[in-house]
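Just to be clear, the model below is a prediction. Sequence and coordinates:
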Amino acid sequence: MQIEPPAEPAPASPPVQINPGAENPAWSGLDLLIIALVFLAALFLFSGLFFAVALRGSAGVSATELSRNPGPQIVVPSMTLAYVAMLGAMYVLVTRHRRRHFWQAVGWHWPSGWWVAYMFAGVLLAGGLAQLSRFLPIPKSLPMDRFFQNPQGAYLMMLFGVAVAPLAEEMLFRGFLYPVLDRWLEALFMTPPQIRRAAMSLLVVAGWGYAGHRFSLPRTFLASIVLVLVIGAVYIARSPGRHAQRLLLPGAVLVAWGLAARSISDPVFGYITAVLLIVAVALGWVGWSRPLGASAAGTWGRLLAVLITSLGFALIHSEQLGRAWGPLLVLLIVGLVLTLTRVVTRALAPGFLIHVGYNLTLFVGLYLGTDHFRHLERMTQ
């Protein structure tokens, strides 16, 4: 009886050669999801705590009235502590689990020499966009105006907008989100099958977002629970496989977009859906064409990473701006400038300085225009 030699294992497919200029973060998309969950849980916890304290100290104010208009005395400390929890989760993730130096891993790199020039660039950006806003449909009254009903609230918002928000937002979007997108999208554009799957995924996201935007809140919430259970079951079934991690993050994004779509106005939602469909068609066209080289894949991947990062930065402020497309366009331009600064300098601190200069200019203009916050009614005049 002749014993046949064991069959040789099939050769493994060669790894995708990523553009050497691509970002190489020490964290993954799943790590980003964990950080986002830490932030949301901390925000829920601290908001409830400060709401209870404010409700006890506000005689004659019902819980319903306070929930409709929480005020900066609740929002600012809650957001600040939630950002601290988020930054703490980032630090632990990088230093304990990834064994990396934190500031070096996030690419902080404080600019030497004329670092004030970056803050002055933020001043120029604020002045230029103020001129552009004259030609845009900017509502006279925005939801965020309720945080400026008295001088104490205005000072709290100024402190938060200059000392807290720039660091936290730059760390989240340009420090953690952009490098992951840059690395993933450059690899994506090197493999046509993945491009085609990405195009199909965007079509699913657009359809799911449309359902979430049109359905009533109970139906959307119920459908999201069913979707979470289905995704969780598939994830558990495939957890031993190497693709399990790739399933959880897109599923979480899909659910989050379906729920977030309800809070977006019809025009803004229409623009986002149109962008999703255009990108899906473009990806489908690229996916059925010949594979891109490393240079072309790097260019297209980076452009899309910059756009997604900037769009996400604008959308987190949509509720404060009443979901009006004029102010959102202004913030999209701000996000593009900050993200492109991160791309060009390959550092996080320059964008942080521009962000501080931009916010500081807005608050100084408001401070002077309202006579040191003594006549806040001028904001809507």
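Cool, the structure landed.

Find the nearest non-adjacent residue to residue 358, please.
Of all residues beyond its chain neighbours, the one nearest residue 358 is residue 122 (3.9 Å), with distances taken as C-beta to C-beta, 6 or more residues apart in numbering. For the C-beta atoms, the positions are set from N, CA and C on the backbone; glycine is no exception.

Residue 196 now?
residue 287 (3.8 Å).

quick one: that neighbour and residue 200 touch, right?
No - in this structure, residue 287 is not within contact of residue 200 by C-beta atoms under 8 Å, at 9.5 Å.

And the two? Which one has more around it.
Higher neighbour count among residue 287 and residue 200: residue 287, with 20 against 14, using other C-beta atoms under 10 Å.

Centroid-nearest residue for this protein?
residue 312 (3.9 Å; C-alpha atoms, centre = their mean).

list the contacts for that one?
Residues in contact with residue 312 (C-beta atoms under 8 Å, 6 or more residues apart in numbering) are 173, 177, 335.

Give me the subset of those residues lying in helices.
Under the assignment DSSP state H, the contacts of residue 312 contribute residue 335 to helices.

Spell out the secondary structure type for residue 23.
With DSSP: H, G, I helix; E, B strand; the rest coil as the basis, residue 23 sits in coil.

how about the nearest residue to it, chain neighbours excluded?
Here the residue nearest residue 23, using C-beta to C-beta, 6+ apart, is residue 179, at 3.7 Å.

which parts of the longest helix anywhere in the chain are buried?
Determined from DSSP H, the single longest helix within the chain is helix 29-57. Buried positions in helix 29-57, judged by neighbour count with 16 or more other C-beta atoms under 10 Å: 29, 31-33, 35-36, 38-39, 42-43, 46-47, 50-51.

host element of residue 275?
helix 266-287 (DSSP states H and E).

Return the distance of the closest residue to residue 167 other than its chain neighbours relative to residue 155.
Leaving aside its sequence neighbours, residue 167 sits nearest to residue 352 (C-beta to C-beta, 6+ apart; 6.3 Å). The gap separating residue 352 from residue 155 is 22 Å, by C-beta to C-beta, to the nearest Å.

who's more crowded, the two?
Between residue 352 and residue 155, counted using other C-beta under 10 Å, residue 352 has the larger neighbour count: 25 against 15.

Is it correct that that one is in contact with residue 166?
Yes - between residue 352 and residue 166 there is a contact at 5.7 Å, judged by C-beta under 8 Å.

Overlap of the contact sets of residue 287 and residue 200?
By C-beta under 8 Å, 6+ apart, no residue touches both residue 287 and residue 200.

where does residue 321 fall, helix, sheet strand or coil?
Residue 321 ends up coil, using three-state DSSP.

ok, it - how many residues close by?
For residue 321, using other C-beta under 10 Å, the count is 20.
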